[in-house]
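S.K.: What follows is a predicted protein model with its sequence.
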Amino acid sequence: MFGSGLALALFAGWYGFPRILYRSETQPLQFSHAVHAGEKAGMACGDCHVLDAAGRFHGIPGTAKCAECHSAPLGDSKEEKMLVDDYVTPSKELPWRVYSRQPDNAYFPHAAHVALAKIPCAECHGPYGQSEAPRVYEVNRITGYSRDIWGPNISGIASHPWEGMKMDRCVTCHATHGRRDGCIDCHK
Amino acid sequence: MPTHLTRRDILKLVGGSAVGFFFTPVPWKLLDDTSIWTQNWSKIPPLPRGERTTRYSACTLCPGGCAVRAQLVGPMPYSLRGVSGHPVSRGFLCAVGLAGHHMAFHPLRLASPVRVDGAGDEAKVVPISADAAMRMAAAKIREGNGSVALLDCQPGRAVSAYYEDLARMIENGLYVTAASREDSTLQALRSMIGEESAPLGFDFENTSMILSFGAPLLDGWGSPGRLERLLKGKPDRSVRFVQVEHRQSRTALQADLWVPVNPGGERALALSIAHVLLMERPGRRTSATTIADMASYKETVARYTPEAARAESGIEPALVRQVAEELSIAPASIVLSGPDAGGGPMERDTEYAVAGLNLLLGNVGKKGGVVFLHEMPGTAGRSHVVRDIRDVPDHSLNLLIIDPASSGYAVPWKSLERKLCPGTGMVVSLAATMDEIAAHADIVVPAPAPYESLQDVPTQTGASAATFGLSTPLLPADKRSVDPASFVAGVIRLAGFPLPVPQCDDLLKERGRMIHAERRGTIYQPADGSTVRVAELAQFDELWTKLAGAGVWVDDPKEQHEPAEASLGASMLQSRGGPRRADPGLLLIPYGYKRAVSGAAISPILSKLSQESALRPGAGTVALHPVTAALSGVVDAECVLLDTTNGTMKLAVRIDRSVRPGVAEAVAGPIGRHGADIMDLCDVREDGTWRMTNANVRKA
Amino acid sequence: MDSTLIPRGLERASFGKFLLWILPWAALFGVGLYAMYLCLADGLYHTNMDNRFAFGLWIYLDLTVIALGAGAFFTGFLLYILHRRELSAVINSAVVLGLICYSGAVVVLMVDVGQPLRAWFTFWHPNVHSMLTEVTFCLTCYLLVLAIEYAPIVLKNRRLRQVPRFLAFEFELHKVMPVLAGVGTFLSFFHQGSLGGLYGVLRGRPFAFREELGIWPSTFFLFVVSAAAAGPSFVLLTTWLVQKITRKQLVENEVFMFLGKVSGIMLLVYVFLKAVDTLVWINSTSPAAGFPAFEYYARTSFGTWILFTEIVLLGLVPALILVSGRLRAKPAWLFSAALMTCLGIMLNRFVMTIQTLALPTLPFDEFLSYAPSWEEVATFLAVLAYGVLIYSLTFRYTVLFPQERDLLKH
Amino acid sequence: MDSEHGKNARFGMVIDLDRCDGCGACMIACAVENNVPPGHASATERTGITWMRVAAVESGQEYPAADVAFVPMFCQQCENETPCISVCPQNAVEIDPATGIVGQIPQRCLGCRYCMTACPYHARYFNWRDPAWPEGMDRQLNPDVSPRMRGVAEKCNFCHGRLHAAKAKAAAKGSREIDPADYVPACVESCFQNAIVFGDLNDHESEVAKLARGADTFRFLSRLGSEPKVYFHSTRPWVKEMAESTLTRSKKENGHG
């Protein structure tokens, strides 16, 4: 009986809990990084995800950026038609869910990591640039953060270096590179 | 598997689960997530996201017109700062202006036109339509009972000229301004030299001595950056600055010399200075101006020896002679009077006594003195004598329409109320927020908040050259607000005077066209700090683009000449009794900081200055000298009752050694939510002054 | 009604009477809970604390109850480590008092901090230099120790003894009691000291700042000694109070005498150390920081009388009474002296917490005053009510005073 | 001390008390920059949040000889045995070795207020209630500074959001050295009187370092030995005397005669 209680708790905690903790949301558009970054379009990350001269990173580009190429459908994909009809033509912004969005109190300077330390995008964001379609976006019901911050594994153990974007990940990397930072270097 | 569960089994199951629970992520993840939740819960707002842009505009919270560099995230400004090379504000932006972008979201922002039924605590606010408001106002005009006045507290704007035209269309129509604040000395001089429409200014930049009678030159006077930069910018400034004031104001604290005159003794002091100049050391400075009434002026002044004036002014004769001596040897000087923002205007004879010193010293029409300006393009032929509301006969107005622009100075409700026809007079206030004047109005019409609409920044009072700039919108227009000019035009049209309703932008463009046509002056552009001559701009559009980028036009200086003839207003100076005596009680002296005298119309963040730091005491306090307090038997921070013949008010006492004994200094501004103000206790006299009132303080 | 729960051989008041005694305290406790809810759910603006008076009644309460609760550790120390067997008569009571004081303090602390959900950060990201870290660690651990010490008292209840496993468990616990007492003494020693250090390390508050002896300011040691003096006095007082209320003799008079003696000796040591410390502070520590010490007492509300009262009237005087065998033998003297001892320690904690914050530091500061809000007072009273409730229940349903049964037979 | 990660700085200020005229612009600029909410109607001098607070200190003389010194008081960025750092039980306060700035992390803070009792300058403020902005004003927050939640302490950090921006700008150019012109705290920028000089005290040629070494420069409570990095300057004898005195009877107490 003790054993079955144990098993029950373990099952509920490891299997059921993450399913209750996270809520799934779908992205507004099935955007394919593979098509854009692949041979066909041959774009680099920095073409859309711009780091400006003031050192500000502009994350996901606005609809205006999409419209530079997609003012009218280039191909015959259903998603592209949706982009043009629902967003580009009425010039409406896409309500993207950002997997890597940190809370307001965290400050991550892309300039220092990309321009100065020359860290490739994939080192933190994983092979997302080759994805065919966006993953399901999961949000923590308590904190409101993206699941990517904690990482896909509920135990918090990462099986790939880019999994998990909690503070300890930053701290570990900074420590290995001999950087000594204060809290307010990454908090605002 | 057991067929039935015993109590022991259940206990074991619970025990097993409890042990297992600690080997699941549940407790640990919940511990982590709940603490993270506290860092990001809905009780703190999310930060705005979007493109960052920089835009330029100008502050319209007072006529100072300080240039503003705004930083925006998406469509919202989040930070304002001054523009360092700006020819008008010279980089200055005051505490109130730094939070000017908050005004659109002020908790007292009006959502729709309202009718106010009743007054005071019982006032009921009923939303009405803009059309209904117009019809009610128009009906008052049609009644033809009494006059109709348009009150403009920031005269000189393009819309001011339009109001003036509208007022002229109506029989009994008046265009009035609130008591001529910073302009009082220039007003007096205009009438003294008989050029009622002459644009005059102070050439502070080239003067060597400034003698100010109460003007808050270092606490928000004119465009504050000008005098702040001049008098405090360089440690080795060459301007001698003497302040005559009855209280230790911020300006008095920072002057080279503070002359602590008796309350109301400014006139006697000015006349005793004139006495020394004329009788004791005549002919030091020669003036080319012939003084028409010199004989009778001398007659008056003869009585004011420094010794004789001492009883009224309270100033040692030696000090009077020293100041007069300094004035007489200064290569150029400026003498001016001015009211405190809360204390209100000075008596007319005081203004004349002070202004006259400039003519005695030959300061008028001279570099470093009072200078003549070119006419502002588009105002030629227009009278500069705008009627002051204190000159409007009492009980004569059937309709008073108040423009939303603020002078930054207090306007006591009583000073307006007495002008209304008893029983029938109606007040329509155009206001962005329910400020204390709006709280007394019969109809309040929501106006755009600062940075919501295109506005012009007219020439500053006392500027040595005409200027014109635009306050460009930084915020999206509020759909609920009504354009004041259109509203006033609409009322007058409904009253049966057919006229086209121009857009505010058209009025501004019209003035821009006239500036372009004159081809005088230069345009400064804040974005890059560059300056270009108007003459170099072939097309009007080029000029307009620069103005629309918050550029500012500065006129060229005019050739100066001393006026050939003038009078010193001697007839005005003769009739006056002795000084107002406080005995046996106290003298209530209200004061305030420009723009902050209106509590409802400043950003809620300004509470930090008074409530949360006590740097500038807020309204609702009265400051007493320790001796005065001891005589009245009150102690610090105590609640006391302040009595005057106008009523009683409960105030908190502040004991302050820098307060004059026998005086109760009270901060002007609304107390509580119903627009109560210390001015309700002040005697607002027929001449429109309320500087001093006999009062009494007692324990609550 | 609850007679099956009452230990055999003991006389207890009727259930109705007991209920009548309990109910007002429960009501007080309930009001306090509501006040706590307001502070937790709505924010600490319900208190009258402010940015300048950031610590108030609650911190004072914490420091005081923990000093008074020191009876638990010090009695345990004397009984289990120094083998003073006579103290076994009050050890249970001392443990219950300790548990009440410590758990009450922890609960109030959780209300006092602005973000209690993050309190565990202290364990995760501890700052080893902070006295408060030391306090938190020791307090938590010692509370656990006290809970374990409390367990056998509860398990001795008639009904619970019927469960064989509980009996075995209780027996096992008894064997480790000296170990627990040792651990408890160690932990308690540290956090009493750390609480003293809490203010002693405040370099920015020259009124409280003290020179370091080793790595701790002198107040660290003063708090340990003063707690050791106050603890036995408090046990003595409460026991006497319970005797008065229940109209029963619960312990032999020798126990009172012994507690008084211990308290007196410790207090004498404390008064001596405190006097030395005060002289050093007046003549060296405070002037070195630029503050002539007597200026602190130039304020009307906090004159030198407070120093005199703390050290002489409520320090030296009760100490002399308690060490004198002749005076100690007279109950009136004994109990008055014990009361004075407790009051003296309470005054000391008041001076450390409240007077320190009331005094200015910057040249243009003002002398501040502070009066707690009703929410603070209600929370304070809730801890008192909670203590009475726990103590009453424990007294009714367990053998709190082992001598009671024997004394009843006499 | 230099390292491969750039030069270490010691940011500090020198405030000229003879120039400050108590206009309060720095207080408002600070509140706007750092997303300090408007005070609740019941907020007082002792419960409101003002990272930058200007105190009006009277000379104690009578009218008309009375004089006032306006003393801006905020976190003095103590360098030695920083009183607030050692007391924090969970490392929510720390001094950044690269800048000398004492940082307070609201996300780590549990709100015990021990740091507030430790600070002799009363430069730390507690969020007694949840921050509240009028509808709409919450969309005008500075995106570079996160608002603080109820129950935590906060204080001046020399406008750290502006340091972040300056660093990012330098990084985009491939440099670790910020341009001093890019990093100016809001109070310094808003001070029209130029009463506040800000800069790196380690840079001996900087204006701030020269002024800090100059005559008539002093620090408040310097005898406590906490080595604050905010200096004050005045040539008025009574102001200097006041700054060095202890427990002077305050304005209010003076009032009682």
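M.R.: Okay, I see it.

S.K.: switch to C-alpha atoms for all contacts and neighbour counts from now on
M.R.: Noted.

S.K.: which residues in the stretch 51-200 of chain D form helices?
M.R.: Counting by DSSP state H, counting those that start in this stretch, the segments of the stretch 51-200 of chain D that form helices are D:83-87, D:114-118, D:160-172, D:186-190.

S.K.: Turn those helices into a markdown table, including mean neighbour count and mean pLDDT.
M.R.: Formatted as a markdown table, the entries for these read as follows, by neighbours: other C-alpha atoms under 10 Å in any protein chain shown; pLDDT from 0 to 100:
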| stretch | mean neighbour count | mean pLDDT |
| --- | --- | --- |
| helix D:83-87 | 25 | 93 |
| helix D:114-118 | 26 | 94 |
| helix D:160-172 | 23 | 94 |
| helix D:186-190 | 23 | 96 |
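
S.K.: which one of those helices lies closest to chain A?
M.R.: If you check each of the helices of the stretch 51-200 of chain D against chain A by C-alpha to the nearest C-alpha, helix D:160-172 wins as the nearest, at 4.4 Å.

S.K.: wait, does the closest one contact chain B?
M.R.: No. With C-alpha under 8 Å from any C-alpha of the partner chain as the criterion, chain B is not reached by helix D:160-172; the gap is at least 12.2 Å.

S.K.: what do you get for stretch C:102-114?
M.R.: No. Contact between stretch C:102-114 and chain B, assessed by C-alpha under 8 Å from any C-alpha, is absent, since the two come no nearer than 10.5 Å.

S.K.: Can you show me the CA trace of that stretch as PDB?
M.R.: Coordinates of the C-alpha atoms in stretch C:102-114 are reproduced here as PDB (Å, rounded to 0.1, in the frame of the first residue of the first chain):
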ATOM      1  CA  TYR C 102       9.900  30.800  19.000                       C
ATOM      2  CA  SER C 103       7.000  29.800  16.800                       C
ATOM      3  CA  GLY C 104       5.200  33.000  17.700                       C
ATOM      4  CA  ALA C 105       8.300  35.000  16.700                       C
ATOM      5  CA  VAL C 106       8.600  33.100  13.400                       C
ATOM      6  CA  VAL C 107       4.900  33.700  12.500                       C
ATOM      7  CA  VAL C 108       5.200  37.400  13.300                       C
ATOM      8  CA  LEU C 109       8.400  37.600  11.300                       C
ATOM      9  CA  MET C 110       6.600  36.100   8.300                       C
ATOM     10  CA  VAL C 111       4.000  38.800   8.600                       C
ATOM     11  CA  ASP C 112       6.600  41.500   9.100                       C
ATOM     12  CA  VAL C 113       8.600  40.800   5.900                       C
ATOM     13  CA  GLY C 114       7.100  42.200   2.700                       C
END
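
S.K.: got the contact list for that stretch?
M.R.: C:36, C:39-40, C:43-44, C:58-59, C:61-62, C:65-66, C:69, C:116, C:119, C:139, C:143, C:379-380, C:383, C:386-387, D:110-113, D:150-152 (C-alpha atoms under 8 Å, 6 or more residues apart in numbering or on different chains).

S.K.: in that stretch, what counts as buried?
M.R.: For stretch C:102-114, the buried set under the neighbour-count rule, 16 or more other C-alpha atoms under 10 Å in any protein chain shown, comprises C:Tyr102, C:Ser103, C:Gly104, C:Ala105, C:Val106, C:Val108, C:Leu109, C:Met110, C:Val111, C:Asp112, C:Val113, C:Gly114.

S.K.: ok, the most centrally placed residue in chain D - contacts?
M.R.: Nearest to the centroid of the C-alpha atoms of chain D, with distances taken as C-alpha atoms, centre = their mean, sits D:Phe74, at 3.3 Å. Residues near D:Phe74 by C-alpha under 8 Å, 6+ apart: D:Trp51, D:Met52, D:Arg53, D:Tyr121, D:His122, D:Ala123, D:Lys155, D:Cys156.

S.K.: that older thread, in a markdown table, list the helices of the stretch 51-200 of chain D along with distance to B:Ile523.
M.R.: As requested, those are exported to a markdown table (distance: least, C-alpha to C-alpha, whole Å):
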| stretch | distance to B:Ile523 |
| --- | --- |
| helix D:83-87 | 52 |
| helix D:114-118 | 52 |
| helix D:160-172 | 32 |
| helix D:186-190 | 25 |
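
S.K.: out of the ones you listed, which comes closest to C:Glu11?
M.R.: In terms of C-alpha to C-alpha, the element of the helices of the stretch 51-200 of chain D nearest to C:Glu11 is helix D:114-118, at 48.3 Å.

S.K.: tell me what the closest one is packed against?
M.R.: Contacts defined by 3 or more C-alpha pairs under 8 Å, 6 or more residues apart in numbering or on different chains; DSSP states H and E place helix D:114-118 against helix D:83-87.

S.K.: who touches the helix it packs on?
M.R.: Around helix D:83-87, the neighbours that count as contacts under C-alpha under 8 Å, 6+ apart are C:127, C:129-132, C:202-204, D:91, D:93-95, D:114-116, D:118-119, D:226.

S.K.: Which of the buried residues of stretch C:102-114 sits closest to chain D?
M.R.: The closest of the buried residues of stretch C:102-114, once distances to chain D are taken by C-alpha to the nearest C-alpha, is C:Gly114, at 3.6 Å.

S.K.: Regarding the closest one, what is its secondary structure?
M.R.: coil (DSSP: H, G, I helix; E, B strand; the rest coil).

S.K.: how about the nearest residue to it, chain neighbours excluded?
M.R.: On the basis of C-alpha to C-alpha, 6 or more residues apart in numbering or on different chains, the spatially nearest residue to C:Gly114 that is not a chain neighbour turns out to be D:Gly151, at 3.6 Å.

S.K.: Same check on C:Arg85?
M.R.: Distances taken as C-alpha to C-alpha, 6+ apart place C:Leu79 nearest to C:Arg85, at 5.8 Å, with adjacent residues excluded.

S.K.: helix or strand for B:Val323, which one?
M.R.: Using DSSP states H and E, the secondary-structure element containing B:Val323 is helix B:317-329.

S.K.: Just the C-alphas of whatever helix or strand comes next after that helix, formatted as CSV.
M.R.: Sequence-wise, the next helix or strand downstream of helix B:317-329 (DSSP H and E) is strand B:333-337. What follows is strand B:333-337, C-alpha atoms only, in CSV (Å, rounded to 0.1, in the frame of the first residue of the first chain):
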residue,chain,number,x,y,z
SER,B,333,19.9,98.7,-15.5
ILE,B,334,16.4,97.2,-15.4
VAL,B,335,13.8,97.9,-12.6
LEU,B,336,10.7,95.7,-12.6
SER,B,337,7.9,94.6,-10.4
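
S.K.: Check which helices and strands strand B:333-337 sits against.
M.R.: helix B:184-192, strand B:209-213, helix B:348-360.

S.K.: if I pick D:Pro38, what's in contact with it?
M.R.: B:Pro604, B:Ile605, B:Leu606, B:Ser607, B:Lys608, D:Ala132, D:Trp133.

S.K.: Sketch out the low-pLDDT regions of chain D for me.
M.R.: Flagging of chain D using pLDDT under 70 yields the residue ranges D:1-6, D:246-257.

S.K.: In it, what residue spans correspond to strands?
M.R.: Per DSSP state E, chain D carries strands over the ranges D:2-3, D:6-7, D:11-16, D:53-58, D:68-73, D:93-95, D:102-104, D:125-126, D:153-154, D:196-200, D:217-218, D:230-233.

S.K.: Repeat that for the stretch 51-200 of chain B.
M.R.: Chain-ordered strands for the stretch 51-200 of chain B, with DSSP state E, counting those that start in this stretch as the definition, fall at B:52-58, B:67-73, B:76-81, B:114-117, B:124-127, B:147-151, B:173-177, B:200-202.
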